[in-house]
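Enquirer: fold the following, please.
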Amino acid sequence: MGDYDPPEVEDDPDTDYTVDVITGSANKLYYGINSKLRVYQYHYNASKVKNKLVSMTWIIASFVGFGYLLSGQEVGLPLNTLTTISLLACLSTIGLMLLWFLDVVVYHRLIESIFTEQLILEDTFPGLSSTHHHMVIVDPENWTG
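Expert: Got it, this is the predicted structure:
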């Protein structure tokens, strides 16, 4: 592989993102791509953990709401208490399903695609650590990549 000359980038104060330019030999490119994939994998794993914490908070808040409605301390509610609890349960379930969708469908697919790319990168460049191949060897029947 030859050296890659990155395009000129203008400094725009409205830009919220930074593109990391990786240049150099093939070894530097492979190590750079591998390190960026590891950073992305860590980021999405951390996002999944935060999403699960939000889900647990959501469940606890729902039960607190159920307890408050059953305590009888609310005054002047125009709805029946059981109707309000049913409505709260339905809305909580919808919120949890949206969080589940974000966790399983979005984040899991991103992590799986990063994992697959790291496997391909480890096959292409044997100088990289083969940690992802060891993960597949440990439990090969559950690998879907």
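Enquirer: which neighbouring elements make contact with the longest helix seen in the chain?
Expert: Ranked by residue count and defined by DSSP state H, the top helix of the chain is helix 26-71. Secondary-structure packing of helix 26-71 (3 or more CB pairs under 8 Å, 6 or more residues apart in numbering; DSSP states H and E): helix 81-101, helix 108-124. From N, CA and C alone the C-beta is placed, and that goes for glycine too.
Enquirer: against which helices or strands is the first one packed?
Expert: In this case it means helix 81-101. By 3+ CB pairs under 8 Å, 6+ apart, helix 81-101 packs against helix 26-71.
Enquirer: residue ranges with poor pLDDT in this protein?
Expert: 1-23, 132-145 (pLDDT under 70).
Enquirer: looking at it, which residue lies furthest from center?
Expert: When each C-alpha in the chain is compared with the mean C-alpha position (CA atoms, centre = their mean), G76 comes out farthest, at 42.7 Å.
Enquirer: what is the burial count for L37?
Expert: 17 (other CB atoms under 10 Å).
Enquirer: ok, it - contacts?
Expert: 114, 117-118, 121 (CB atoms under 8 Å, 6 or more residues apart in numbering).
Enquirer: got it, and G95?
Expert: G95 touches W58, counting by CB under 8 Å, 6+ apart.
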